[in-house]
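*Asks:* Give me a model of this one.
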Amino acid sequence: MHLVFVFGTLKEGFPNSAVNTGVRIAGNFVTEDRYPFHLVGERHSPWMINSPGQGLRVEGQLFEVTDAGLERMDALERVGKPDGYERVRVRVQEAQAPSADAVEAFVYLKNPDLLRAEEVRAGPLGIYTEDHAALYRRRDSVPSPEDVRKYKHT
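*Replies:* The predicted model follows:
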């Protein structure tokens, strides 16, 4: 089993929660370090940037996930693709018990080189809310740049 900290669409009750087949650990958790966290692009995708020490401590949920569940999450987050997230380890602790010992968990972070200031729609954030999730659009619901060019020329 793997511990996975989720802060965006993979949280329980959020748009991609069906992909998350893990078992939730009770409570909310927060990163030990601060991270930049923004909604990015026309899809309003939640991006936590791999720049520890910047931004805010980010609140989310912690799950115990099987190897197969981790593979499903990796596929959704496009791990290994040029525009994908990186699966890295961070330390998180219970949000309501700040003196509790931190645990190490996987999290999906974006490479800071991928972030363009003009693409930031909101942030920095400390938590991804239902209002943020209402703005989110799945990848297949937004036309690709190639499709947009095609439609403009027909």
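*Asks:* list the helices and strands the longest helix along the chain packs on?
*Replies:* Using DSSP state H, we find that the single longest helix of the chain is helix 67-76. In terms of contacts (3 or more C-beta pairs under 8 Å, 6 or more residues apart in numbering; DSSP states H and E), helix 67-76 is packed against strand 2-6, strand 86-94. Just so you know, the C-beta spots here come from the backbone N, C-alpha and C atoms, and that holds for glycine as well.
*Asks:* Local confidence estimate at the spatially closest residue to Glu94 that is not a sequence neighbour?
*Replies:* Residue nearest to Glu94 in three dimensions, not counting chain neighbours: Ala100, with 4.7 Å by C-beta to C-beta, 6 or more residues apart in numbering. Note for Ala100: predicted pLDDT of 75.
*Asks:* hang on, Ala100 packs against Arg91?
*Replies:* No - with contacts counted by C-beta atoms under 8 Å, Ala100 stays clear of Arg91, the gap being 11.5 Å.
*Asks:* Comparing the two, which shows the higher neighbour count?
*Replies:* Arg91 (16 against 12; other C-beta atoms under 10 Å).
*Asks:* residues in contact with that one?
*Replies:* Arg91 is in contact with Thr31, Glu32, Asp33, Ala102, Val103, Glu104, Ala105, counting by C-beta atoms under 8 Å, 6 or more residues apart in numbering.
*Asks:* Cheers, nothing more for now.
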